[in-house]
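K.L.:
Structure, please.
(chains A and B)
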Amino acid sequence: MNRPIHHQTVMAVVICTILFMMPLSALAGSDDSVKVGLRYDPSTVNIIEIRNGNDIAVVSLMHQPLLAPHPETGDRVGVLAKSFEILENGKKIRVKMYPGARFHTGDPVTAHDVKFTYEACANPQNANMIAGLLDEIEDIEVVDDHTLIFHFWESYAPWEELMWLGISSKKYYETAGPEKFRSHPVGSGSLRFVERKIGEYIHLEAVEGYPLYEAEGYPFEKIRYKDIKFITVPDDMTRLAMLETGELDLVGEILPHQLKRLQRNKQINIKKSDQVPSLFGLACLPKTDPIMGDRNLGLAIRHGINRQEMVDKIFLGEGYPLYQFLSRVELGYDPSVVVEFNPEIARAFLKKSDYKPGTPLTLTYTSLVPNAPLIAALIQKYLKEIGITTKLQQLEEGTAITYTRNRDKRLGHIRLYGWPGNRDPNIRMLLTLLSTAPYAAVTDRARKVEIDNLILLQAREMDKTKRADMIKEIFKITDFDAVGTVLFGLNMIYAMNERIDYTWTPKEAYFPNLHTIKLVK
Amino acid sequence: MQGYILKRILIAMFTIFAVLTVVFFIFRLGPADPVAVMLPPNATPQDAENLTKKFGLDQPLMVQYTNYLKNAFKGDFGTSFRFNEPALKVLFERFPATLQLGLVAFVISVLVGLSVGIISAVKPDSFIDRIGRLVALAGMSLPSFWVGVMLILFFGVTLRWLPIAGKGTLAHYIMPSFCMSLYPIALITRLSRSSMLDALKSDYVVMARIKGVPEFYVILVHAFKNASIPVLTVIFGIFSGLIVGSAVVVEYIFSWPGIGRLVMESYFARDYPVVQVFVIFVTFVVVTMNLIVDIIYAYIDPRIRYQ
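P.N.:
Next up, the predicted model:
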């Protein structure tokens, strides 16, 4: 029996189809826009108040720094700075700036703006993440509009690590006031601020007429897209699904087990970099129990863990074993240093140690390290095979930080850590290896005076080769402590849809140089 | 009646005060030191001392508590570590999004839940009743995070019918609001079905039918009016539950920019002032809703106010 099709039914179907199609066409957006998915909502758009690496990726696009990483090599090259002159063996650094740089307001970028930005970032009131590092600077002297001198308290070898701060306009701060300065930042970068909706997105647009001048080492290029949106999507699965549907163009920090689904999608281009700062390891804490200061126990642990298998099994090969307290991209990293995985050697060291078989050692981990429960379980298995009993303890990250800082005995004997990573190990050495450091595991080693002196001296050594040798020497000495062991580094996996092309800048940890994104389709 | 309302208001105020106190002591006496948590890894002991002073954490606990209560009554719950803005302001900026989603989910829950419940009761063991019971069972037992992921994969990635996350168009509401309303639909369906079954068997309904009242009026006016009292009780609870409970999981999965996602992110970023203000706000909402329900009850049922 044929039933007549009612007009209302037809209309309902049409309306439903339109309703469904509307959002999809809206989501497609304009062809020359780029959408980047972020796991965390950036805490600020104000360079003076940046709290974490996630903020840097967004804020750095709006501002030009004195030095920026070269998109291909990752080496720091002059952007606002035309030249650097090291004076008085590094106690002073004279900077000459390019005169052509302009803020988005049209005002020139001057040495006064550099001084203003650095002083504001160093002000504890602004709680900037690098405020502590800027304490190395005693004063900034403005010589003329395009020349300034950084005065350090003492020679400071890793001075380049302080020169990446994007410069803000002093005049804009004075005319617009602090509130507008915070909410509507003005920089001199190739992208300008448009809008921020907290919890949703940050929208930047390309500034016409850029680049304004040519720099000797930095490859300025015209922006290939009209605007960029940073969209916060905290859930990993959702973020990757949005990449698949084209609601996002670029996603970073992808974990290896999430790759399988993406690899099936031919419209997704997956790239990897093994040249990002990455460092995961075990800190052994003699303060918790003196047994953890036993060198033989430490060596047993080092030889008893199969790092390669750990990378292969848990991270599906997307990483590499590490044997030094240095990430691959840091000064002083020596690829020839290898600790052999050999349970026999491990058992021999364990026999020589004061460890009593059956005494449980607590292994603490937090959710800050990816796949931490799996890593902890695998370490437990390796240690069991050589005769060390461990029990696992998962802590909330805030609690773990508090215990670590206070050297609380409730923290386990061994702690799984992840270090976000830098290019230069100076700060980490000062914080963890110096015998008086807040996170020092060993405070009374036999060669304490020697290593403390070396750590302080390397920070003043302006010759990079000599400094690298000093760092290697430091790690040779700390290697003798055998307190703790480094495990592995991880590749940065990032993926984009076929309409764009982007390559991660080596040595950088957080979405660097996004202005180099090219529109392919 | 006035005495009853006054008593209820005093109980509500005491509850909020108790939560304020518990929240204060949990965060202060818990193992995580807010200063250690806030400091960057390269902070010096001097930085720690400065921050301790800045937040008044160097003061005796009772002095801190008094200051906290004073500030709380002024609406000052501290500054978000992450956003460097008042925690309450950060929360209120995100609340409208949660309210909008909550309202949509609430409307869907009530409309679908009541309709299916009534039809199931009127036609027990029919096809709709069986499907309704199955959906109710599924809605009660399937966790919203799983349903959310499945919706994303099916309607977002496979069929590409709906946007996956965010808050842009009307279509963005469909998946998260459905996900949020699944449990309330199940609850309302089950409750309205059982209430309606009881009502339909009652003497006044039989009498109405004998009098020849049309079936439509018998169901909606005679039976449903009486059956709706226990359902209404649940509905108020559902609304506050949607806003403060389901929102946390659903907003996180669908990247909805509301307070549920905010509190999850704040927890992971250890932004304790925001987490703290969320807990207090949730308490305030729940207590206020309960207060309203209590007062409405008293108006509807005089026995309650005489008790």
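K.L.:
longest helix anywhere in chain B?
P.N.:
Ranked by residue count, the top helix of chain B under DSSP state H comes out as helix B:87-122.
K.L.:
Nearest to chain A: which residue in the stretch 201-307 of chain B?
P.N.:
residue B:257 (3.5 Å; Cβ to the nearest Cβ). For glycine as for every other residue, the C-beta is placed from the backbone atoms N, C-alpha and C.
K.L.:
just to revisit the earlier point, tell me the buried residues in the longest helix of chain B?
P.N.:
Buried residues in helix B:87-122, counted by 16 or more other Cβ atoms under 10 Å in any protein chain shown: B:87-88, B:90-91, B:93-95, B:97-98, B:101-102, B:104-106, B:108-110, B:112-122.
K.L.:
what's near enough to touch residue B:260?
P.N.:
By Cβ atoms under 8 Å, 6 or more residues apart in numbering or on different chains, the contact list for residue B:260 reads B:98, B:244, B:246, B:247, B:248, B:249, B:250, B:251, B:252.
K.L.:
hang on, isn't residue B:187 packed against residue B:241?
P.N.:
No - contact between residue B:187 and residue B:241 fails when scored by Cβ atoms under 8 Å: they sit 9.4 Å apart.
K.L.:
which stretches of the chain aren't confidently modelled?
P.N.:
I went with chain A, as the question did not name one. Low-confidence segments of chain A (pLDDT under 70): A:1-30, A:421.
K.L.:
could you do chain B instead?
P.N.:
Low-confidence segments of chain B (pLDDT under 70): B:40-44, B:300-307.
K.L.:
Could you measure from residue A:320 over to chain B?
P.N.:
Note on residue A:320: its distance to chain B, by Cβ to the nearest Cβ, to the nearest Å, is 24 Å.
K.L.:
Please tell me I have it right and residue A:143 contacts residue A:149.
P.N.:
Yes - between residue A:143 and residue A:149 there is a contact at 6.3 Å, judged by Cβ under 8 Å.
K.L.:
what residues are shared contacts of these two?
P.N.:
Common neighbours of residue A:143 and residue A:149 (criterion: Cβ under 8 Å, 6+ apart): residue A:94.
K.L.:
Contact residues of the stretch 101-250 of chain A facing chain B?
P.N.:
A:124, A:127, A:129, A:132-133, A:135, A:197-200, A:231-235, A:237-239, A:241-242, A:244-245, A:247 (Cβ under 8 Å from any Cβ of the partner chain).
K.L.:
Are any of the residues you listed buried, and if so which?
P.N.:
Counted by 16+ other Cβ under 10 Å, these give A:127, A:129, A:132-133, A:198-200, A:231-235, A:237-239, A:241-242, A:244-245, A:247 as buried.
K.L.:
In helices only, show me these.
P.N.:
Those of those lying in helices (DSSP H): A:237, A:238, A:239, A:241, A:242, A:244, A:245.
K.L.:
show me what contacts the first one?
P.N.:
By Cβ under 8 Å, 6+ apart, the residues touching residue A:237 are A:258, B:149, B:152, B:253.
K.L.:
Give the other helices and strands that the host helix or strand of residue A:83 contacts.
P.N.:
Per DSSP states H and E: residue A:83 is located in strand A:81-87. On a contact count with 3 or more Cβ pairs under 8 Å, 6 or more residues apart in numbering or on different chains; DSSP states H and E, strand A:81-87 meets strand A:92-97.
K.L.:
helices or strands up against the strand it packs on?
P.N.:
strand A:81-87, helix A:111-122, strand A:147-152.
K.L.:
Which of those sits closest to residue A:503?
P.N.:
Distance to residue A:503, taken as Cβ to Cβ, is lowest for strand A:81-87 among these, at 24.5 Å.
K.L.:
For residue 291, grab the count of nearby residues.
P.N.:
Let's take chain A. Neighbour count for residue A:291, taken as other Cβ atoms under 10 Å in any protein chain shown: 16.
K.L.:
if you could check chain B rather than the one you did, that'd help
P.N.:
Using other Cβ under 10 Å, residue B:291 has 17 other residues around it.
K.L.:
can you tell me which of the buried residues of helix B:87-122 are up against chain A?
P.N.:
Applying Cβ under 8 Å from any Cβ to these, those adjacent to chain A are B:90, B:93, B:94, B:97.
K.L.:
Name the nearest residue to the second one, sequence neighbours excluded.
P.N.:
This means residue B:93. In space, residue B:93 comes closest to residue A:198 once its chain neighbours are excluded; the distance is 5.8 Å by Cβ to Cβ, 6 or more residues apart in numbering or on different chains.
K.L.:
The one you found reaches residue B:257, doesn't it?
P.N.:
Yes - using Cβ under 8 Å, residue A:198 is in contact with residue B:257, at 7.5 Å.
K.L.:
Now do the shared contacts for the two.
P.N.:
residue B:94.
K.L.:
and the chain, what are its domains?
P.N.:
Going with chain A. What automatic domain parsing lists as the domains of chain A is A:33-273+A:493-519, A:279-490.
K.L.:
nope, chain B please
P.N.:
Per automatic domain parsing, the structural domains of chain B span B:2-73, B:90-305.
K.L.:
ranking those domains by burial, who's on top?
P.N.:
Neighbour counts (mean count of other Cβ atoms under 10 Å in any protein chain shown) averaged over each of the domains of chain B peak at domain B:90-305, with a mean of 19.
K.L.:
which residues touch whichever residue of the stretch 251-400 of chain A sits closest to chain B?
P.N.:
In the stretch 251-400 of chain A, the residue that lies nearest chain B is residue A:398 (3.3 Å; Cβ to the nearest Cβ). Counting by Cβ under 8 Å, 6+ apart, residue A:398 touches B:31, B:32, B:36, B:37, B:270, B:272.
K.L.:
now residue A:51
P.N.:
Shown in contact with residue A:51 (Cβ under 8 Å, 6+ apart): A:43, A:44, A:127, A:128, A:129, B:81, B:82.
K.L.:
which of the residues you listed count as buried?
P.N.:
By 16+ other Cβ under 10 Å, those give A:43, A:44, A:127, A:128, A:129, B:81, B:82 as buried.
K.L.:
Residue A:319: neighbouring residues, count only.
P.N.:
For residue A:319, the count of nearby residues is 22 (other Cβ under 10 Å).
K.L.:
what separates it from residue B:285, distance-wise?
P.N.:
Distance from residue A:319 to residue B:285, counting by Cβ to Cβ, to the nearest Å: 46 Å.
K.L.:
same deal with residue A:339?
P.N.:
Taking Cβ to Cβ, one finds residue A:339 at 56 Å from residue B:285.
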